[in-house]
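[1] Compute the structure for the input listed below.
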Amino acid sequence: MRKLINLLVLSMCLIPGLGFAQQYKQEDVIIKTKKDTIQIGATITVPASAGSFPALVLLSGTGAQDRDGTMAGQKLFAQVADYLSQRGYIVLRMDDRGVGRTTGNYMDATTADFAKDALEAVEYLKAYPQVDVNKIGLLGHSEGGAAMSIAASQSDDITFLVSLAGLATNGMESLLVQNENIVRNSPATPVDQERYNQINRLMFSTAYQYAESDSLHSKLNQVYDYWKLKDDLYFKTLGIEHDHFRFPIYSYSSYASGPWYRYFVRYNAEKVLSHVTVPILAINGDKDMFVDPTNLDGWKNYSQSGQKGLVTTILLPQVNHLMQQCVTCDTKEYAELGAMPISTLELVGDWLDKTVK
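    As a prediction, the model looks like this:
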């Protein structure tokens, strides 16, 4: 029997950028997991009319987030849920591990664990009133794209996927490209940018090589020390008085030695997506520094869905990682911009209507 908090209400919601309000039912629930020891706090929004409806579970990106997907003051998932439930879809959005009503420790979890949480949410929806059990899908943002791919590769209950800047490249590749993008857009001098790229590539490759080894932490420090000796000699040849370059080796080696990084650096998107056969919608912004636009190719090239012509990819101009219409498109701007444009939500809704309904 399902355990839940009975807070079933009719909500009048007006999310900035949508421009209209409509009634739908909203319920806060607690999901008691069957294959783990945690409980998951979530909110379900359900169209107010009678009947059965397709359903989606929303999966967040890297960093512990609440069920609304709050990032830089924007509630990405609350906006998605509001819009899609007004269009006739049931939407479940969850607190990440260790956040809100969800128990567990986020720092001890991996992308594979987030996929397990998605599967628990799917099982819950299968028993939830008004859910069309033949039309349950996942929507992932950023790392949530990898988590939903893992989940879809393991379950026949998932019948479609929606990616909003969702990851479809290998972990090692994504780390390299992401950090090169960040360095390129930083105020560092060309000389220091090259130094950052060099040490990043060296550290990432070391982390990849020793990801399953107990010696990872010490190997990272050894490799850095060797590089630093050579880099110090190189810097002396430049004739520059002060060296402002800094690499956070101690915090990086500790972070890279944790379970999430060990798993992620070895994540094989090609292998995972080769087991995915369901229709996929993948949307990226061309100014996304964290999930490069070339990531769209992974959805088509790696998945069985792509081989069957079941993948739709859309590249949006002047759009950042949070799916915002951006100006400078750096991370400092996130908090200054508004919500995701209604036009992006319409792309999702139109695809769902055509493909799922």
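[2] Show me this structure divided up by domain.
    Domain ranges of the chain: 9-170+269-355, 171-265, per automatic domain parsing.
[3] now those as JSON lines including mean pLDDT?
    Formatted as JSON lines, the entries for the domains of the chain read as follows, by pLDDT from 0 to 100:
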{"stretch": "domain 9-170+269-355", "mean pLDDT": "94"}
{"stretch": "domain 171-265", "mean pLDDT": "96"}
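[4] most packed of these?
    Mean neighbour counts were compared across the domains of the chain using mean count of other C-beta atoms under 10 Å; the top stretch is domain 9-170+269-355, at a mean of 20. Heads up, the C-betas are built off the backbone N, CA and C, glycines and all.
[5] ok, residue 274 to residue 300 distance?
    Distance, residue 274 to residue 300, using C-beta to C-beta, to the nearest Å: 13 Å.
[6] And residue 324, by the same measure?
    Taking C-beta to C-beta as the measure, residue 324 falls 25 Å from residue 300.
[7] Check residue 319 too.
    Note on residue 319: its distance to residue 300, by C-beta to C-beta, is 20 Å.
[8] do residue 311 as well
    As for residue 311, its distance to residue 300 is 5 Å (criterion: C-beta to C-beta).
[9] again, but for residue 230
    Taken as C-beta to C-beta, the spacing of residue 230 relative to residue 300 amounts to 41 Å.
[10] again, but for residue 113
    Per C-beta to C-beta, residue 113 is found 27 Å from residue 300.
[11] cool, residue 100 as well?
    The gap separating residue 100 from residue 300 is 36 Å, by C-beta to C-beta.
[12] shouldn't residue 142 be in contact with residue 320?
    No: Residue 142 sits out of contact with residue 320 when judged by C-beta atoms under 8 Å, with a separation of 11.7 Å.
[13] Tell me the secondary structure at residue 43.
    With DSSP: H, G, I helix; E, B strand; the rest coil as the basis, residue 43 sits in strand.
[14] heads up, I number from 295, so please use that
    Understood, numbering begins at 295; the last thing we discussed is residue 337.
[15] Does it touch residue 363 like I think?
    No: shown here, residue 337 and residue 363 do not form a contact pair, counting by C-beta under 8 Å, at 11.3 Å.
[16] Any chance you could list residues touching both of those two?
    Residues touching both residue 337 and residue 363 (C-beta atoms under 8 Å, 6 or more residues apart in numbering): residue 387.
[17] How far does stretch 395-404 stretch from one end to the other?
    Across stretch 395-404, the straight-line distance between its terminal residues is 19 Å, by C-alpha to C-alpha, to the nearest Å.
[18] Residues contacting that stretch, please?
    Outside stretch 395-404, the residues touching it (C-beta under 8 Å, 6+ apart) are 322, 324, 330-336, 358, 388-393, 552-554, 556-558.
[19] Assumed residue 344 was part of a helix.
    No: Residue 344: not assigned to a helix; according to three-state DSSP it is coil.
[20] so what does the helix or strand where residue 499 lies touch, helix or strand wise?
    With secondary structure defined by DSSP states H and E, residue 499 is part of helix 484-503. For helix 484-503, the contact count by 3 or more C-beta pairs under 8 Å, 6 or more residues apart in numbering; DSSP states H and E identifies helix 465-478, helix 510-530, helix 543-550, helix 553-559 as packing neighbours.
[21] For these, give me a markdown table that also has distance to residue 485.
    Output for those, formatted as a markdown table (distance: least, C-beta to C-beta, whole Å):
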| stretch | distance to residue 485 |
| --- | --- |
| helix 465-478 | 12 |
| helix 510-530 | 9 |
| helix 543-550 | 19 |
| helix 553-559 | 27 |
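[22] which stretch among those comes nearest residue 601?
    Proximity of the helices and strands packed on helix 484-503 to residue 601 was assessed by C-beta to C-beta; the nearest stretch is helix 465-478, lying at 21.0 Å.
[23] Brilliant, that's me finished.
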